[in-house]
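S.K.: got a sequence here, can you build the structure:
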Amino acid sequence: MLDGRDALTLALSTLGELLGERGHAYDLVLIGGGALMLSGLIERPTKDLDVLARMELDNLLPAEPLPEPLQVAVRDVAEVLDLDPGWLNGGPTALLDQPLPSGFQERLETRTFGALTVRIASRVDQVAFKLFAAVDQGPHSKHVSDLRKLAPTSAELVAAARWCRTHDPSEGFRETLVEALRAFGVDDYA
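M.R.: Predicted structure coming up:
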């Protein structure tokens, strides 16, 4: 378990140092609760850090599967720091199958941990991702709690909802999305 921002920073620093010692370097795009913790926007334990993509020459490439040298280094760091072996994972990379929010790459915040560069999704983009996850996983999920901590405006939620619909245009998703927006005080989403 990664118990907070300091634990995440230690894990990433250790990973970056280990990669450098082994002659590897990676550039990763992060989203989710761990990325929000790194940005100082929320504080809660998390079991993992979600990699949306690998960045190469300003191109977003699928994170799954992570390159073998990175997978090995992640497992080695997990063993040393007593973390889950999948503490860094490419689970959300399927989001790349559809367009990301407009301007996503320009808003990324870059941090360097030795041979590891991480690019953290902006707050406004995290609102979109958290809304999508909240609708998908329900009103009692950690995503709803995270979204509340982000305190999105009605305009941000409507923009996020429009992006969410590009990923799931089904009527069932729309109905659940409208319910979620109402829970956040947004009644005028069409």
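S.K.: domains in this structure, by residue range?
M.R.: 5-121, 124-183 (automatic domain parsing).
S.K.: can I get those domains in a markdown table including mean neighbour count?
M.R.: C-beta coordinates here come from the backbone N, C-alpha and C atoms, glycine included. Below are these laid out as a markdown table (neighbours: other C-beta atoms under 10 Å):
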| stretch | mean neighbour count |
| --- | --- |
| domain 5-121 | 18 |
| domain 124-183 | 17 |
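S.K.: what helices and strands are in contact with the lengthiest helix in the chain?
M.R.: Using DSSP state H to define each element, the chain has its longest helix at helix 5-21. In terms of contacts (3 or more C-beta pairs under 8 Å, 6 or more residues apart in numbering; DSSP states H and E), helix 5-21 is packed against helix 32-38, strand 49-56, helix 68-81, strand 109-113, strand 116-120.
S.K.: just give the nearest non-adjacent residue to Ser141, would you?
M.R.: Ala134 (6.0 Å; C-beta to C-beta, 6 or more residues apart in numbering).
S.K.: quick revisit: redo the domains of the chain as JSON lines? Include distance to Tyr189 and mean pLDDT.
M.R.: What follows is those, written out as JSON lines (distance: least, C-beta to C-beta, whole Å; pLDDT from 0 to 100):
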{"stretch": "domain 5-121", "distance to Tyr189": "16", "mean pLDDT": "96"}
{"stretch": "domain 124-183", "distance to Tyr189": "5", "mean pLDDT": "95"}
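S.K.: centroid-nearest residue for this protein?
M.R.: Centroid check for the chain by C-alpha atoms, centre = their mean gives Ile31 as the closest residue, at 1.3 Å.
S.K.: that one and Ala128 touch, don't they?
M.R.: No. With contacts counted by C-beta atoms under 8 Å, Ile31 stays clear of Ala128, the gap being 9.7 Å.
S.K.: not counting sequence-adjacent ones, nearest residue to Gly40?
M.R.: What sits nearest to Gly40 in space, not counting adjacent residues and going by C-beta to C-beta, 6+ apart, is Arg5, at 6.7 Å.
S.K.: residues contacting the one you found?
M.R.: Met37, Leu38, Gly40, Glu43 (C-beta atoms under 8 Å, 6 or more residues apart in numbering).
S.K.: so the residue nearest to Ser141, which state does it fall into?
M.R.: In three-state terms, and counting by DSSP: H, G, I helix; E, B strand; the rest coil, Ala134 is helix.
S.K.: which residues touch it?
M.R.: Ser141, His143, Val144, Leu147, Ala180.
S.K.: equivalent analysis for Ala73, please.
M.R.: Leu15, Leu18, Leu19, Arg22, His24.
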